[in-house]
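Asks: Provided below for reference: sequence and predicted model.
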Amino acid sequence: MSHRKAQHKTWWLTMLMIVALLAMQMPALAKDTNVQMLDKGKWAPATYQAIHELIEKNGIKSASYHANKKPYVVFDWDNTSIMHDTEEALFVYQINHLAYKLTPEEFGKVIRTNVPEGPFSDSYKNVDGKTVTLDAIATDLVADYTYLYQNYQGLKGTKSLEEVTATEQFADFKAKLFFLYEAINDTHSNTIGYPWVLYLFTNMTVEEVQQLAEASNDLGLGMAIQKVTWTSPKSLAGKTGVVKASHTTGLRLTSEVANLMNTLRANGIDVYVVSASLEDVVRVFATLPKYGYNLPAENIIGMRLKTENGRITNMYQPDYPITVAHGKTEVIQDVLVKKYGHGPIFIAGDSNGDFEMMTELDSVQLVLVVNRVKGGKIGQQITKGAEQMGKANPTVVLQGRDENTGMWIPSEATIRLGQKEPQLVAK
């Protein structure tokens with residue numbers, strides 16, 4: 001009997017050891033069988049391979065992965081995660097729908113907020129080649145807005161939107177306001193111009209702004225991609241004279257980026273957006289299921305305005321970085337590095353405003369540039385990516401798209417709007 005008992009005990013111990021070994025192996029087996037793979041979509045093949053290897057190296061399939069020290073990545077939003085600029089599209093939507101909560105007096109103060117007095121750069125003269133000053137164009141705009149305010153039923157008037165947008169005052173208003181936006185950005189830098197466009201939300205609640213953003217997004221996604229030029233009428237030359245302003249219509253989702261974001265998260269890598277647009281505006285696009293990006297609201301970091309009594313003001317949030325250029329690095333360090341104890345492993349961007357976060361963080365293993373064939377600082381990154389094409393272990397990779405359709409193409413080069421042939425670097 002004692003011999004049989006010993007055999008029985010040995011058998012049970014053996015079975016327990018087998019069960020324990022299987023239990024230890026199950027997480028690894030789950031990693032191998034259940035982890036989402038990045039869809040090849042329309043990725044440039046070498047770019048796809050570099051990102052795939054980044055996920056393999058840092059995700060949950062890696063032997064060095066630790067759930068309590070998760071890796072994370074940072075994406076720019078406008079022209080990186082989507083085609084075109086959600087904030088600029090909303091600016092145009094506000095103009096076309098006169099979606100403001102400002103009296104004429106308040107409007108006059110808002111459009112002057114933090115803008116230096118005096119003339120704009122030589123690139124922003126009127127059609128007669130004469131200098132345009134802040135005071136001149138602001139004076140004309142307040143006159144236009146006063147007329148629209150007193151007549152539009154959505155403000156203090158009785159006329160329909162269709163009626164007031166058919167007037168010369170509206171034609172003058174839209175051309176000069178967009179001209180002012182571009183003149184501020186190019187004359188005084190994005191750190192003044194990017195917050196400036198947000199001040200037009202003054203007196204709105206966050207919920208009202210998000211409702212406008214969703215309406216603007218949905219309209220933009222259905223619009224043709226084309227360049228539109230607005231010219232102010234001679235009859236209302238005013239102090240400014242006649243000016244022209246151009247913008248490109250249409251927004252497009254980028255399914256490859258949405259798939260990448262979801263794949264990264266499925267592989268245990270957290271995903272953040274750091275944008276130069278208003279945080280609450282980007283959240284609409286990045287979080288609503290109908291757009292497909294599916295990010296948590298708290299993972300969207302962007303510009304922030306001060307609110308008072310639940311209403312937005314024309315003041316930037318004190319002691320918070322302006323999230324463009326070095327400000328993007330600052331907010332990553334202030335918010336994300338403090339949270340995780342380390343920096344991001346991957347940065348995706350498209351413009352000069354993303355250059356600093358691409359180059360100032362030692363933790364970054366790979367940079368993705370959505371190639372808009374630009375010069376300047378981002379042009380340095382594009383050149384670097386072009387030089388590393390075909391080489392092992394690149395640090396910068398490029399992704400091209402067709403700007404005529406808004407869709408990616410499986411190449412590092414981009415087909416510019418109005419062109420047919422792809423181009424790799426700016427000439």
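Replies: Thanks, I have it. Predicted model, so just to flag it, every value in this text is computed and none were measured.
Asks: count of neighbours near the closest residue to residue 267 other than its chain neighbours?
Replies: Nearest residue to residue 267, sequence neighbours excluded (Cβ to Cβ, 6 or more residues apart in numbering): residue 59, at 3.3 Å. The way it works is simple: take the backbone N, C-alpha and C, and place the C-beta from them, glycine included. By the measure other Cβ atoms under 10 Å, the count of residues near residue 59 is 21.
Asks: right, and residue 59 touches residue 35 too?
Replies: Yes. Counting by Cβ atoms under 8 Å, residue 35 is a contact partner of residue 59 at 7.1 Å.
Asks: overlap in contacts of the two?
Replies: Listed as contacting both residue 59 and residue 35 by Cβ atoms under 8 Å, 6 or more residues apart in numbering are residue 267.
Asks: would you map the helices across the stretch 301-427 of the chain?
Replies: 326-331, 338-340, 355-359, 376-388 (DSSP state H, counting those that start in this stretch).
Asks: quick one: closest of those to residue 209.
Replies: Closest to residue 209 of these is helix 326-331 (Cβ to Cβ; 20.3 Å).
Asks: tell me the buried residues in the closest one?
Replies: In terms of neighbour count (16 or more other Cβ atoms under 10 Å), helix 326-331 has its buried residues at 327-331.
Asks: stretch 147-157 too?
Replies: Neighbour counts using 16+ other Cβ under 10 Å place 147-149, 151-152, 155 of stretch 147-157 among the buried residues.
Asks: so which of those residues belong to helices?
Replies: Using DSSP state H, 147-149, 151 are the members of the buried residues of stretch 147-157 that sit in helices.
Asks: tell me the confidence at the spatially most central residue of the chain?
Replies: By Cα atoms, centre = their mean, the chain has its centre lying nearest to residue 77, at 2.1 Å. pLDDT, residue 77: 98.
Asks: and residue 294, by the same measure?
Replies: With respect to pLDDT, residue 294 has a value of 96.
Asks: isn't it up against residue 259?
Replies: No. Applying Cβ under 8 Å as the test, residue 294 and residue 259 come out as separate, 10.6 Å apart.
Asks: re the thing from before, in contact with the residue nearest to residue 267, which residues?
Replies: Neighbour list for residue 59: 35, 65, 71, 264, 267-269 [criterion: Cβ under 8 Å, 6+ apart].
Asks: show me where the stretch 301-427 of the chain has strands.
Replies: 305-308, 311-316, 346-349, 366-370, 396-399, 401-402, 407-408, 414-415, 422-423 (DSSP state E, counting those that start in this stretch).
Asks: so which of the ones you listed comes closest to residue 189?
Replies: The closest of those to residue 189 is strand 311-316. By Cβ to Cβ, the value is 14.3 Å.
Asks: please identify the buried residues of the closest one?
Replies: Buried, per 16+ other Cβ under 10 Å, within strand 311-316: 312-314, 316.
Asks: where is the longest strand in the chain?
Replies: Longest strand in the chain by number of residues (criterion: DSSP state E): strand 270-278.
Asks: how far off centre is that strand?
Replies: Computed by Cα atoms, centre = their mean, to the nearest Å, the chain-centroid distance of strand 270-278 equals 7 Å.
Asks: angle of that strand against strand 311-316?
Replies: Going by axes from the mean of the first three to the mean of the last three Cα atoms, to 10 degrees, strand 270-278 is angled at 80 degrees with respect to strand 311-316.
Asks: which SSE is immediately downstream of strand 270-278?
Replies: Per DSSP states H and E, the first helix or strand lying C-terminal to strand 270-278 is helix 279-287.
Asks: just the CA trace of that next one, in CSV.
Replies: This file holds the C-alpha atoms of helix 279-287, laid out as CSV (Å, rounded to 0.1, in the frame of the first residue of the first chain):
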residue,chain,number,x,y,z
GLU,A,279,-7.3,69.8,-27.7
ASP,A,280,-11.1,69.6,-27.6
VAL,A,281,-11.4,69.9,-31.4
VAL,A,282,-9.0,67.1,-32.1
ARG,A,283,-10.7,64.9,-29.5
VAL,A,284,-13.8,64.9,-31.7
PHE,A,285,-12.0,63.3,-34.6
ALA,A,286,-9.7,61.1,-32.6
THR,A,287,-12.2,59.5,-30.3
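Asks: quick one: average pLDDT of it?
Replies: When pLDDT is averaged along helix 279-287, the result is 98.
Asks: just list what that helix packs against, helices and strands only.
Replies: helix 86-97, helix 206-221, strand 270-278, strand 300-303 (3 or more Cβ pairs under 8 Å, 6 or more residues apart in numbering; DSSP states H and E).
Asks: single out the most deeply packed of these.
Replies: With neighbours defined as mean count of other Cβ atoms under 10 Å, the helices and strands packed on helix 279-287 peak in mean count at strand 270-278, which reaches a mean of 26.
Asks: could you report the distance from residue 304 to residue 229?
Replies: For residue 304, the distance to residue 229 (Cβ to Cβ, to the nearest Å) stands at 33 Å.
Asks: which one's more surrounded, those two?
Replies: Shown here are residue 304 and residue 229; by other Cβ under 10 Å, residue 304 has more neighbours (19 against 10).
Asks: what about residue 55, distance to residue 36?
Replies: Taking Cβ to Cβ, one finds residue 55 at 9 Å from residue 36.
Asks: those two: which has the busier surroundings?
Replies: residue 55 (26 against 14).
Asks: on that earlier part again, common neighbours of residue 55 and residue 36, please.
Replies: With Cβ under 8 Å, 6+ apart as the test, residue 55 and residue 36 both reach 263, 267.
Asks: which SS class is residue 122?
Replies: Judged by DSSP: H, G, I helix; E, B strand; the rest coil, the three-state class of residue 122 is coil.
Asks: give me the pLDDT value at it.
Replies: pLDDT for residue 122: 95.
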